[in-house]
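Asks: Take a look and give me a structure for this.
(chains A and B)
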Amino acid sequence: MGRYILKRLMTLIPIIIGISILVFMILHLVPGDPASIMLGTNATPEAIEALNRSMGLDRPLIVQYLTWASGLVQGDFGVSIHSGEPILPAIWNRFLVTFQLTILAALIGWSIAIPVGILSAVKAHSAVDVAGRVVAMLGISVPNFAIGTLMLLGLSLYFGWYPPIDYVHFWQDPVEAFKIFILPSITMGIVLAAGIMRMTRSAFLETLDKEFIRTARAKGNGEWTVIIGHALRNSTIPVVTIAGMQIGYLLGGAVIVEQLFSVPGLGQYILDGIHQRDYPIVQGGVLFIALIFVLVNLFVDVIYTWIDPRIKY
Amino acid sequence: MKKNWVSAFLLTLSVALTACGGGGQSTTQPTDKPAEPAKEAAAPAAPARENVLIVAADQDPVGLDPHKIPAASSARIYGLIYDGLTKMDPEFNVIPNLATKWEFSEDGKTLTFHLQPGVKFHNGREMTSEDVKYSFERILNPDTGSTVKSFFASIEAIETPDANTVVFKLTNPDSAIVANTSSAQVAIVPKEVADLNTEAVGTGPFMMEKMESGQYVQLKKNPNYFKDGLPKADGIKFTIMKDEAQRTAAIRSGKIDIASVNADTAMLLEKTPALKIESYQSAEYGYLGINTAKKPFDNPKVRQAISYAVNRDEIVQTVWKGQAELTGPISPAQKSWAVDTSSFASYKHDVAKAKELLKEAGLADGFKTTLYTASTYPDMIESAQVIQQQLKAIGIDAQINQLEWAAYIEMWKSKDTDLLVGRNTSGTDPDRSMRFFFSTTGSANVWNYSNPAYDEIVQKALETTDPAGRKELYNQAQQMLVEDAPNLFLASPKNFYAVSEQVDGFVPTAAGEAFAIVRASIK
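Replies: Below is the predicted model:
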């Protein structure tokens, strides 16, 4: 197990090198440079040139890449070319925000999805099942910015309510943080719930068809004992896989939701970086996300061995 | 057993629902009249309210060095921290600021500014003529990369005979220079601060207190501000709200005091109690740029045909919901410099005339072309769509190509566009609208427009110190531009602010947001 984890962590090295080259190239190949964007339609050619020079962007690409990469090796992600702010602490602060948002969204989403999914499978083709599936379909189909906008505008119009505008972390003030995060979390939770619910339902249906379930029933166990005691654990693996991917994806920042609610999270940070061609922010941010994604997947793989002891690495 | 599952589900659901409902009740009083939420919401906060204005900002500032960063998101903040030598009033007159008065020499080549004595920077040091010299030299230094450098191209030398006098020696008379010192970017900065992005030290009405990227910028009152009685508020908090829906919800529920909104939202919020909508004529205008070097646009007749085919009133109505003025090359906000658009023949929508001009140009069957615009700005996209339809009527098939902002800027400065929809700001002096954008060597003349007669008039206007004579020259130049049509000037929109009733004295004008904020406070 330990060796497996170590091996997986080692694969991070080529992944990071690959991504760093890819992101760097893509960013520098798309049209637009930071100076032109900063100066906009007020620019003069000499002003653009001077600004690019002062940001070190007139050097050959390979030199720029190596300078950046050698900093990375020493844990230095560089500074924002616009504000001069160091990038790693900024990414970390933004990530903490995204992390809290993700966890709350997942708690909300899953706590609805898993019970409903199980109920849907157990009562397959009943009214409950149909209702659950329709809601899940809606959750997948309605874009989350629409749900979010409706909640924001509706609450302000009918209840005069708006979330607190000063950001706090959960460990600073749980109540205020909850008020800040609740709307974006519900918005994201609905989408998460839809996916998980459908997966839970189909995994459960499959498991309930298995012979060991028949055996368990034949032994005279009550229906819910069979479901909780036998079917649940055996249906979990596909659900955990999807859940892990959802978490990995959300930790990279839910750009639209963060934008809509002005949550100072990672997604928004990188999006701003892209718009302003703030290369170090985008490069550092994407690398960080890749890292998180790999780690979350590794974590999910480790959980498999706990859910199903037959799985060995 | 079955009941347990159902109740568990209901419990989860109700936790989620009460969470948002419960949050609401803790900050507002329960309302029985949904129609008047904002009033009730605002009521409990009123008694102990600090005199700090909360303003919604739609973008994070991208840096705070006034000489380097022209972005509006940054300028609205450093415009409160720094002062310039002069300032614009709401009528677009240049008024004293750090300079109490100024005079030109007889030949117009020496400009002397007399500074307000005893003005202190936020770090406590007194501002002197040396700082003014340093600031202008920094702007003029090519390494700074300042966009306002070209405003001061006529400066040959800067002298400081004493602590309160600055003398600019000019290569030629320059009647735009004084107005140009009123730009927020022409800030007077202290010479000892090395990095103005990380340290904001000005002489302005507000001082930097705290800044959290992606969240807020907090400014506090400068207790030593050199103008008595200003600023009126003890502080300003710019809170970052990127989404229009979010700003709408926040101002409606009384969480923020001032938000700039678009025309649609302004109309939506008009009847909201406890809010008022303030509007003013902006100095911005939308335009259709035409590459005068590219076939078939190199033929003035084709450009004129486009001008006759474009119905500007329709753009005002559809894109700006009627909340815009027709504009010439100088926007109507610049008052007396602007020309009455009814004097422009090609502003009358005339499809027959347009077709005739195309026929004369040998293009009776029309042609295909590309119309570029920026995907970031809904008004530009809508303008492009309206123009596309209008051009279709004379047989011009314009494909719209929406570009992401960075790619758009790239296209703009390439000088290789076909048609391009964009937006400009008139700036502080008419010289900018005219010479900067359209003279042959103008820095922002990306249209390859070159007309020696025009160049001569605008240069002469720059060197003319008599306002009446200058105005006459600019009138001629504007007629010339409208006729030659390197750009079609479309409409200059109004800007809107939603303002809480708790705010006193916030009157936005073309003089800029800072001018209004300094005079506003919490009731």
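Asks: what does the stretch 151-300 of chain A put close to chain B?
Replies: Proximity of the stretch 151-300 of chain A to chain B, by C-beta under 8 Å from any C-beta of the partner chain, involves residues A:151-153, A:155-167, A:178-179, A:182-183, A:186, A:189, A:222-224, A:259-262, A:264, A:268-269, A:272, A:275-277. Where you see a C-beta, it was placed from the backbone N, CA and C, and this is true even at glycine.
Asks: Of those residues, which qualify as buried by neighbour count?
Replies: A:151-153, A:155-157, A:159-165, A:167, A:178-179, A:182-183, A:186, A:189, A:259-262, A:264, A:268-269, A:272, A:275-277 (16 or more other C-beta atoms under 10 Å in any protein chain shown).
Asks: from these, which ones fall inside helices?
Replies: Those of these mapping onto helices are A:151-153, A:155-157, A:159, A:178-179, A:182-183, A:186, A:189, A:259-260, A:268-269, A:272, A:275, per DSSP state H.
Asks: give me the number of residues near whichever residue of chain A sits closest to chain B?
Replies: Closest contact between chain A and chain B, by C-beta to the nearest C-beta, is at A:Gly32 (2.5 Å). Look at A:Gly32: counted by other C-beta atoms under 10 Å in any protein chain shown, it has 21 neighbours.
Asks: That one falls within a helix, correct?
Replies: No - under the criterion used here (DSSP: H, G, I helix; E, B strand; the rest coil), A:Gly32 is coil, not part of a helix.
Asks: Look up how far A:Leu39 lies from it.
Replies: 12 Å (C-beta to C-beta, to the nearest Å).
Asks: same question, B:Asn448
Replies: Relative to A:Leu39, B:Asn448 is positioned 20 Å away (C-beta to C-beta).
Asks: ditto for B:Ala361
Replies: With C-beta to C-beta as the criterion, B:Ala361 and A:Leu39 are 36 Å apart.
Asks: With adjacent residues omitted, what lies nearest to B:Asp162?
Replies: Leaving aside its sequence neighbours, B:Asp162 sits nearest to B:Ser129 (C-beta to C-beta, 6 or more residues apart in numbering or on different chains; 6.9 Å).
Asks: what sits against the residue positioned nearest the centre of chain A?
Replies: Closest residue to the average C-alpha location of chain A: A:Leu250 at 1.1 Å, with C-alpha atoms, centre = their mean. Taking C-beta atoms under 8 Å, 6 or more residues apart in numbering or on different chains as the criterion, A:Leu250 is in contact with A:Thr98, A:Leu101, A:Thr102, A:Ala105, A:Ala106, A:Met188, A:Leu192.
Asks: for the third one, helix, strand, or coil?
Replies: Three-state assignment for A:Thr102 (three-state DSSP): helix.
Asks: How much space separates the closest residue to chain A within the stretch 251-400 of chain B from A:Ile165?
Replies: Closest to chain A within the stretch 251-400 of chain B is B:Ser253: 3.8 Å, counting by C-beta to the nearest C-beta. According to C-beta to C-beta, B:Ser253 and A:Ile165 sit 10 Å apart.
Asks: B:Gly229 too?
Replies: Remark: distance between B:Gly229 and A:Ile165 (C-beta to C-beta) = 29 Å.
Asks: Where does the prediction get shaky in the stretch 251-400 of chain B?
Replies: In the prediction, the stretch 251-400 of chain B carries no residues with pLDDT under 70.
Asks: How about the residues of it by chain A?
Replies: Contact residues (C-beta under 8 Å from any C-beta) of the stretch 251-400 of chain B with chain A: B:Arg252, B:Ser253, B:Gly254, B:Lys255, B:Ile256.
Asks: Which residue ranges of the stretch 251-400 of chain B form helices?
Replies: For the stretch 251-400 of chain B, applying DSSP state H, counting those that start in this stretch gives helices covering B:263-269, B:300-309, B:312-318, B:351-360, B:378-392.
Asks: now the angle from the longest one to helix B:300-309?
Replies: Which is helix B:378-392. Counting by axes from the mean of the first three to the mean of the last three C-alpha atoms, to 10 degrees, helix B:378-392 lies at 110 degrees to helix B:300-309.
Asks: What helices and strands are in contact with helix B:378-392?
Replies: strand B:284-290, helix B:300-309, helix B:312-318, strand B:367-374, strand B:396-403, strand B:419-425 (3 or more C-beta pairs under 8 Å, 6 or more residues apart in numbering or on different chains; DSSP states H and E).
Asks: again, only using 6 Å
Replies: The helices and strands touching helix B:378-392, judged by 3 or more C-beta pairs under 6 Å, 6 or more residues apart in numbering or on different chains; DSSP states H and E, are helix B:312-318, strand B:367-374, strand B:396-403, strand B:419-425.
Asks: Against A:Phe261, how distant is the residue nearest to the centre of chain A?
Replies: Between A:Leu250 and A:Phe261 the computed distance is 14 Å (C-beta to C-beta).
Asks: Could you do A:Ile112 as well?
Replies: Separation of A:Ile112 from A:Phe261 (C-beta to C-beta): 20 Å.
Asks: thinking again about what came up before, does the residue nearest to the centre of chain A belong to a helix, a strand or coil?
Replies: Note that with three-state DSSP, the state of A:Leu250 is helix.
Asks: thinking again about what came up before, now do the contacts for the residue nearest to B:Asp162.
Replies: The contact partners of B:Ser129, by C-beta atoms under 6 Å, 6 or more residues apart in numbering or on different chains, come to B:Thr160, B:Ala163, B:Thr165, B:Val166.
Asks: what about the strands in the stretch 151-300 of chain B?
Replies: For the stretch 151-300 of chain B, the strands defined by DSSP state E, counting those that start in this stretch occupy B:155-162, B:165-170, B:206-212, B:216-221, B:235-240, B:258-261, B:275-281, B:284-290.
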